[in-house]
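1. model this:
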Amino acid sequence: MSEKRPNNIEGIRFGICAKPGQIAAAAQAGYDYVELDLNDVLRLDETAYRAMAAEMQSCGVYAEVVCGLLPGGVPILGESVSAKRIHAALDRSFELARALGAELALFDCPAERMLPPGFDPAMAWRQLGNLVRMLQSYAADAGLRVALLPLRRSVADLMNYVSEATLISAMLRLDRVGVAASGFNMALEAESLPQLKRTGSLLWHMRVSNVLGNLPPRMGDGEDYAATFAALREMGYRGRVTMEGECRDFARDAAEALNCLKAAAAEA
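-> Numbering: from 1, shown residues only. As a prediction, the model looks like this:
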């Protein structure tokens with residue numbers, strides 16, 4: 001494959017949420033990087049993992065971003081929280097993130113952010129704060145950064161808004177912990193684009209999709225993607241933008257989505 005040239009538009013790098021077997025297709029579509037879920041990678045046997053690593057090397061497209069920092073569903077809220085189990089999970093996930101060459105790890109983990117029945121929400125927020133401090137320590141040791149990803153209330157009870165993630169990151173003053181935003185989750189929580197501007201320098205990652213069904217962007221699909229890039233440009237964002245829409249035909253949808261996003265970025 002010929003040497004890959006970046007898609008940089010005023011510093012923006014474009015990536016896509018992908019499975020380990022989709023890296024070559026992402027490279028062929030023209031993406032700068034892939035975003036992998038560590039749960040998917042951990043399910044690979046050694047042969048499959050080596051094949052994935054070789055594919056990255058051949059394509060020049062790497063997992064610059066990972067998510068799924070608590071593989072295996074380790075409780076972080078409630079009476080059954082075990083610091084030993086959390087540390088074991090984070091040891092494993094950050095070791096894998098380093099091996100993949102990731103620069104940013106997203107804290108998503110929706111199931112782990114659901115409140116156990118009857119548990120005090122105030123205590124849960126304190127537990128979440130303690131976990132974020134742990135993420136700071138692991139990120140510093142691993143030489144990467146962590147971004148808190150707000151998720152809609154239907155899948156997570158805590159940290160549903162970009163404003164909440166920004167407040168947590170700002171108040172804890174942790175230099176390795178910032179904020180990620182998902183256009184899909186923002187839309188479902190009626191959080192407007194101007195909120196992105198209020199994150200300031202703490203916005204470290206952006207995910208984009210057609211919010212009607214979390215689908216890959218397409219030209220003329222009714223979404224105003226240029227508005228998202230205009231907001232990012234106004235705040236001086238120079239980071240990564242990941243296409244998170246659920247692809248039915250990965251190669252086709254990935255290519256169409258990138259063309260749409262690049263056009264929107266150029267228009268903004």
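
2. now stretch 160-171, how far from the chain's geometric center?
-> Relative to the chain's own centre, stretch 160-171 is displaced by 15 Å; criterion: Cα atoms, centre = their mean, to the nearest Å.

3. what comes into contact with that stretch?
-> Contacts made with stretch 160-171 from outside it, assessed by Cβ atoms under 8 Å, 6 or more residues apart in numbering, are listed as 128-129, 132, 148-153, 159, 177-181, 185-186, 189, 191, 195-196, 198-200, 202. Glycine gets a C-beta too; all of them are placed from N, C-alpha and C.

4. skipping adjacent residues, who's closest to Leu96 in space?
-> Distances taken as Cβ to Cβ, 6 or more residues apart in numbering place Leu38 nearest to Leu96, at 5.7 Å, with adjacent residues excluded.

5. my guess is the one you found contacts Ala97, does it?
-> Yes. If you go by Cβ atoms under 8 Å, Leu38 and Ala97 touch, sitting 6.9 Å apart.

6. shared neighbours of these two, anything?
-> By Cβ under 8 Å, 6+ apart, Leu38 and Ala97 have these common neighbours: Val66.

7. what mean pLDDT does the helix or strand where Ser163 lies get?
-> Element membership for Ser163, per DSSP states H and E: helix 162-172. On average, the pLDDT along helix 162-172 is 96.

8. restricting to C-alpha, output it in CSV.
-> Extracted as CSV, the C-alpha positions of helix 162-172 are listed here (Å, rounded to 0.1, in the frame of the first residue of the first chain):
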residue,chain,number,x,y,z
VAL,A,162,-20.2,17.4,28.4
SER,A,163,-20.7,20.1,31.0
GLU,A,164,-20.4,17.5,33.8
ALA,A,165,-17.3,16.0,32.4
THR,A,166,-15.8,19.4,32.0
LEU,A,167,-16.6,20.3,35.6
ILE,A,168,-15.1,17.1,36.9
SER,A,169,-11.9,17.5,34.9
ALA,A,170,-11.5,21.2,35.7
MET,A,171,-12.2,20.9,39.5
LEU,A,172,-9.9,17.9,40.0
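
9. and it, what's buried?
-> Under the neighbour-count criterion of 16 or more other Cβ atoms under 10 Å, helix 162-172 has 162-166, 168-170 buried.

10. between those, which sits nearest Asp108?
-> Nearest to Asp108 among the buried residues of helix 162-172 is Ala165, at 11.2 Å by Cβ to Cβ.

11. dump the residue contacts of the nearest residue to the closest one once chain neighbours are set aside.
-> Using Cβ to Cβ, 6+ apart and skipping residues adjacent in sequence, the residue nearest Ala165 is Leu148, 4.1 Å away. Neighbour list for Leu148: 107, 132, 159, 165, 168-169, 177-180 [criterion: Cβ under 8 Å, 6+ apart].
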